[in-house]
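Trainee: my questions are about this predicted structure, shown below with the sequence.
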Amino acid sequence: MENYLDIEKQNNMIINNKKVVIFDVITVPNKLLRKKSKKVNINLIKKEEFLDFILSLIKTMDYYDGVGLSAIQVGFDMRLFIIRKDLDSREEIQKERKEINSIDDIEIFINPEIMEYSKEVNEDWEGCLSVPNVSALIKRSNSIKVKFIDLNGNEVLNSYQGFKARVIQHEYDHLNGVLILDKAIKIEKE
């Protein structure tokens with residue numbers, strides 16, 4: 001894994017005998033955020049270090065109170081992102097955000113590809129850990145179909161809609177070097 005940050009400076013902790021790190025999230029204007037991420041070598045998925053990385057990504061997302069996080073946002077050049085499973089609606093997640101306690105609380109997208117975008121779109125406000133103190137009004141498809149590799153190395157094709165589809169499109173943009181600033185119809189600074 002190609003890492004652009006000094007891991008030794010990170011906070012370390014142990015979870016289930018695994019070394020877990022809370023990464024620093026890189027922010028604009030860091031040029032790495034504009035990089036198109038490289039595909040993950042499938043053989044990497046089977047390695048223990050990969051699971052350690054996923055657990056660290058989960059803990060980082062939870063620590064920063066995010067709903068999704070891509071590898072590139074923490075300095076790893078990999079086509080990979082995670083999202084919370086409990087993203088049925090923005091209102092629910094804002095009202096009561098549960099702590100993520102296990103890998104079962106998230107979905108992992110390795111080498112994802114959005115195969116279909118619905119013609120039906122809506123506008124909504126988005127924030128981003130890599131673009132702090134900014135909200136952007138963005139138009140996105142209401143539903144999408146995504147092909148990806150799961151943590152077991154299986155190819156998966158799933159459909160998503162609503163808020164979850166929006167979060168996936170947001171994280172997918174990160175893998176292509178696209179930020180909310182690029183798609184914003186309107187921007188508000190907090």
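Mentor: That came through fine. Numbers count the residues shown, from 1 in each chain.
Trainee: so who does residue 149 touch?
Mentor: Counting by Cβ atoms under 8 Å, 6 or more residues apart in numbering, residue 149 touches 40, 42, 45, 110-111, 155-156. The C-beta positions use only the backbone N, C-alpha and C, and glycine is treated the same way.
Trainee: closest to residue 51 among these?
Mentor: Within those, the smallest distance to residue 51 is 8.7 Å, found for residue 45 (Cβ to Cβ).
Trainee: select the longest helix from this protein.
Mentor: Ranked by residue count under DSSP state H, the longest helix found in the chain is helix 48-63.
Trainee: who are the packing partners of it?
Mentor: If you count contacts as 3 or more Cβ pairs under 8 Å, 6 or more residues apart in numbering; DSSP states H and E, helix 48-63 packs onto strand 11-15, strand 18-22, strand 68-70, strand 80-84, strand 106-117.
Trainee: what would the ones you listed look like in JSON lines with mean neighbour count, distance to residue 148 and mean pLDDT?
Mentor: Below are those laid out as JSON lines (neighbours: other Cβ atoms under 10 Å; distance: least, Cβ to Cβ, whole Å; pLDDT from 0 to 100):
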{"stretch": "strand 11-15", "mean neighbour count": "12", "distance to residue 148": "25", "mean pLDDT": "41"}
{"stretch": "strand 18-22", "mean neighbour count": "17", "distance to residue 148": "23", "mean pLDDT": "80"}
{"stretch": "strand 68-70", "mean neighbour count": "26", "distance to residue 148": "13", "mean pLDDT": "98"}
{"stretch": "strand 80-84", "mean neighbour count": "25", "distance to residue 148": "9", "mean pLDDT": "97"}
{"stretch": "strand 106-117", "mean neighbour count": "18", "distance to residue 148": "4", "mean pLDDT": "98"}
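Trainee: okay, those in a markdown table with distance to residue 142 next?
Mentor: Below are the helices and strands packed on helix 48-63 laid out as a markdown table (distance: least, Cβ to Cβ, whole Å):
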| stretch | distance to residue 142 |
| --- | --- |
| strand 11-15 | 36 |
| strand 18-22 | 34 |
| strand 68-70 | 17 |
| strand 80-84 | 17 |
| strand 106-117 | 9 |
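Trainee: closest to residue 61 out of these?
Mentor: Where the helices and strands packed on helix 48-63 are weighed against each other on Cβ to Cβ, the nearest is strand 68-70, at 4.1 Å.
Trainee: helices or strands up against the closest one?
Mentor: Counting contacts by 3+ Cβ pairs under 8 Å, 6+ apart, strand 68-70 is packed against helix 48-63, strand 80-84, helix 162-175.
Trainee: most packed of the ones you listed?
Mentor: strand 80-84 (a mean of 25; mean count of other Cβ atoms under 10 Å).
Trainee: that strand packs against which elements?
Mentor: helix 48-63, strand 68-70, strand 106-117, helix 162-175.
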